[in-house]
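**Student:** could you work out the structure for the sequence below:
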Amino acid sequence: MKRFCVALGVVVITAMSTGCGPRQASVRTSPTAAEATIHFTNNLNQAVNVYVVQGGTETFVRQVGANTTENLPVRGIALGSQVLLRAVTVDGKSQFDTQNPVALTSTYTWRVP
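**Tutor:** Numbering: from 1, shown residues only. Next comes the predicted model:
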């Protein structure tokens, strides 16, 4: 009986250690969605806040300093989407919009004024 208990214990311990051991894991990265970028030039003497307007919803992109050119990544809006671009001076006195909707491309060039 003692041998049976010892043998049963060995079987149980072996089964438990096998179940708790390291496993093969498959690690993959998710595909990255292509991202639109606005190559933006601010020719004004003060900073502006840049927005993308889609379906009436205004999304803040970034603040761009006076007399500066920056590449602004546009996250959350698919390439090819029709949007308006808006730049508002930090004092809120001037606003610059694209006259017509534009299609966001991988790099869209826009400058104000």
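**Student:** and Tyr45, that's in a helix?
**Tutor:** No Tyr there; residue 45 is Asn. No: if the criterion is DSSP: H, G, I helix; E, B strand; the rest coil, then Asn45 is coil and not within a helix.
**Student:** what about it, distance to Leu104?
**Tutor:** For Asn45, the distance to Leu104 equals 28 Å [C-beta to C-beta, to the nearest Å]. Where you see a C-beta, it was placed from the backbone N, CA and C, and this is true even at glycine.
**Student:** so the two - more neighbours on which side?
**Tutor:** Leu104 (22 against 8; other C-beta atoms under 10 Å).
**Student:** excluding chain neighbours, what is closest to the residue nearest the centre of the chain?
**Tutor:** In the chain, the residue lying closest to the centroid (C-alpha atoms, centre = their mean) is Arg75, at 4.4 Å. With C-beta to C-beta, 6 or more residues apart in numbering as the criterion, Arg75 has its nearest non-adjacent residue at 6.5 Å, and that residue is Glu35.
**Student:** gap between that neighbour and Tyr108?
**Tutor:** Counting by C-beta to C-beta - Glu35 and Tyr108 are separated by 12 Å.
**Student:** of those two, who's got more company?
**Tutor:** Neighbours were counted for Glu35 and for Tyr108 using other C-beta under 10 Å; Tyr108 has more, 19 against 14.
**Student:** just checking, the more buried one touches Pro101?
**Tutor:** No: counting by C-beta atoms under 8 Å, Pro101 is not a contact partner of Tyr108; they are 11.8 Å apart.
**Student:** measure how buried the residue lying closest to Gly76 once chain neighbours are set aside is and give me the count.
**Tutor:** Spatial nearest neighbour of Gly76, excluding adjacent residues (C-beta to C-beta, 6+ apart): Thr59 at 7.1 Å. Residue neighbour count, defined by other C-beta under 10 Å, stands at 15 for Thr59.
**Student:** quick check: which element contains Leu85?
**Tutor:** strand 82-89 (DSSP states H and E).
**Student:** got a list of contacts for that strand?
**Tutor:** Here strand 82-89 makes contact (C-beta atoms under 8 Å, 6 or more residues apart in numbering) with 38, 40, 42, 44, 46-54, 58, 64, 77, 94-98, 101-104, 108, 110, 112.
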